[in-house]
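Novice: okay, here's the prediction I keep looking at, along with the sequence it came from:
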Amino acid sequence: MIATTLCITSCTSSVMSSNNSTKLYISSKKQCIFPQEIKDKYSFIFDCKEGLSEVELNGKYGFIDKTGRVVVPIKYDLAYGFSEGLARVKLNDKWGFIDKVGKVIIPIKYDYVESFSNGLAEVESNKKVGFIDKANKEIIPIKYESAYTFSEGLVAVKLNNKYGFVNNAGKVVIPIKYDHATNFSEGLSGVELNNKYGFIDKTGKIIIPIKYDYTVRFSEGLAAVELNNKYGFIDKTDKVIVPIKYANPDSYFSESLAVVKLNDKWGFVNKSDKVIIPIKYDDAKSFSNGLAKVKLKGKWGFIDKTGKVIIPIKYDFANGLHKGLIRVKLKDEFFYINQQGQRIDYSN
């Protein structure tokens, strides 16, 4: 959550004024509209999720509905937005779940919880994690040292310092024997064994030999791999598509382009290893919604897929594009801009 009076993380429109004294906040899905007198009651109003907005007042959290009426008492030490009808809340250093009228559905007894997704939520108790359903039944036993989020029907778990995968019924479907494992992406998971990396499918079959020094998840049919401190891209048959000659780790194809590093400069190539955007930047990030963040001479800006500068490379800081907004810093001031580089004023 971002601590701001307005739900910045999900806003795609600016604050609207009907006159000089009244301002309205409209969420990106236009679920919640609050007049100034409602906003003035609280320290913060967060994202409107499933029709309710989390609010903070005097260091305590609760929820209001679209009219501003308090529907969940403002008494919790921390709370997160609703997901699948339940919200996770913290009270007296323990976590549980409430429904939309504030009724405790999952006892507030866990050391930590994550939000529900596809009917399950990860919970932690006595430094062990597992997954429960909405009836508080343990579906995946609370015995693992750590767990990732579910991806493609499976979740990576760690036990005795080794990794494997279980399904949403709690059954171990890939043996817990790897030194490390990543979430499944496009049907494959990167695994580490004896300091080498490869890929397995959802049956545990090795699809890409465990021979690389490092691997990155598959995206758009290709995955970055490392050999002898150089990176390139392979397909799902282990064929090298983009030569293993680049310097950057953790790259992946996004919107048909991948960011690469060569001779300490950054640029973008396509799946034929053709340089589409010159390798001239001091840093660069992957494309998202048609824009990529680039750095030149200590400043950040954004380019499109032709290399045209869309948002001037003049900012001291810029985060990634998220739901139509970018947080930037210029001359010691932080503020938000849209995808056209226009400043969005969210002052209260």
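Specialist: Happy to help now that I have it.

Novice: when you work out contacts or count neighbours from here on, use the C-alpha atoms and nothing else.
Specialist: Will do.

Novice: and the closest residue to Y42 other than its chain neighbours, what does it touch?
Specialist: Leaving aside its chain neighbours, Y42 sits nearest to L57 (5.2 Å; criterion: CA to CA, 6 or more residues apart in numbering). If you count contacts by CA atoms under 8 Å, 6 or more residues apart in numbering, L57 has them with 41-44, 74.

Novice: and if we set it to 10 Å?
Specialist: 41-45, 74-75 (CA atoms under 10 Å, 6 or more residues apart in numbering).

Novice: that one and V70, how far apart?
Specialist: 12 Å (CA to CA, to the nearest Å).

Novice: how many neighbouring residues does A169 have?
Specialist: 12 (other CA atoms under 10 Å).

Novice: go on, I241?
Specialist: 16.

Novice: hang on, the earlier thing: can I get the contacts of L57 in JSON lines including pLDDT, distance to I344 and neighbour count?
Specialist: Listed next are the contacts of L57 as JSON lines, based on pLDDT from 0 to 100; distance: CA to CA, whole Å; neighbours: other CA atoms under 10 Å:
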{"residue": "K41", "pLDDT": "89", "distance to I344": "23", "neighbour count": "13"}
{"residue": "Y42", "pLDDT": "90", "distance to I344": "22", "neighbour count": "14"}
{"residue": "S43", "pLDDT": "89", "distance to I344": "21", "neighbour count": "15"}
{"residue": "F44", "pLDDT": "87", "distance to I344": "19", "neighbour count": "20"}
{"residue": "I45", "pLDDT": "88", "distance to I344": "18", "neighbour count": "27"}
{"residue": "I74", "pLDDT": "97", "distance to I344": "30", "neighbour count": "20"}
{"residue": "K75", "pLDDT": "97", "distance to I344": "33", "neighbour count": "18"}
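
Novice: between these, which sits nearest V242?
Specialist: I45 (46.8 Å; CA to CA).

Novice: roughly how far is the strand or helix carrying the closest one from the heart of the chain?
Specialist: If you go by DSSP states H and E, I45 is part of strand 44-49. Centroid separation for strand 44-49 versus its chain: 18 Å, with CA atoms, centre = their mean, to the nearest Å.

Novice: which SSE is immediately downstream of that strand?
Specialist: Next along from strand 44-49, by DSSP H and E: strand 52-57.

Novice: from the chain's centroid, how far away is stretch 106-119?
Specialist: That offset, for stretch 106-119, works out to 19 Å (CA atoms, centre = their mean).

Novice: over to stretch 96-103?
Specialist: Between the centre of stretch 96-103 and the centre of its chain there are 25 Å (CA atoms, centre = their mean).

Novice: just stretch 161-170 next, same as before
Specialist: Taking CA atoms, centre = their mean, one finds the center of stretch 161-170 at 22 Å from the center of the full chain.

Novice: using PDB, list the CA coordinates for it.
Specialist: Provided in PDB are the C-alpha atoms of stretch 161-170 (Å, rounded to 0.1, in the frame of the first residue of the first chain):
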ATOM      1  CA  ASN A 161      16.300 -26.200   2.700                       C
ATOM      2  CA  LYS A 162      15.100 -27.900  -0.500                       C
ATOM      3  CA  TYR A 163      12.400 -26.900  -2.900                       C
ATOM      4  CA  GLY A 164       9.600 -28.700  -4.700                       C
ATOM      5  CA  PHE A 165       6.000 -28.100  -5.700                       C
ATOM      6  CA  VAL A 166       2.600 -28.900  -4.300                       C
ATOM      7  CA  ASN A 167      -0.800 -28.500  -5.900                       C
ATOM      8  CA  ASN A 168      -3.900 -26.800  -4.500                       C
ATOM      9  CA  ALA A 169      -5.000 -30.000  -2.700                       C
ATOM     10  CA  GLY A 170      -1.700 -30.100  -0.800                       C
END
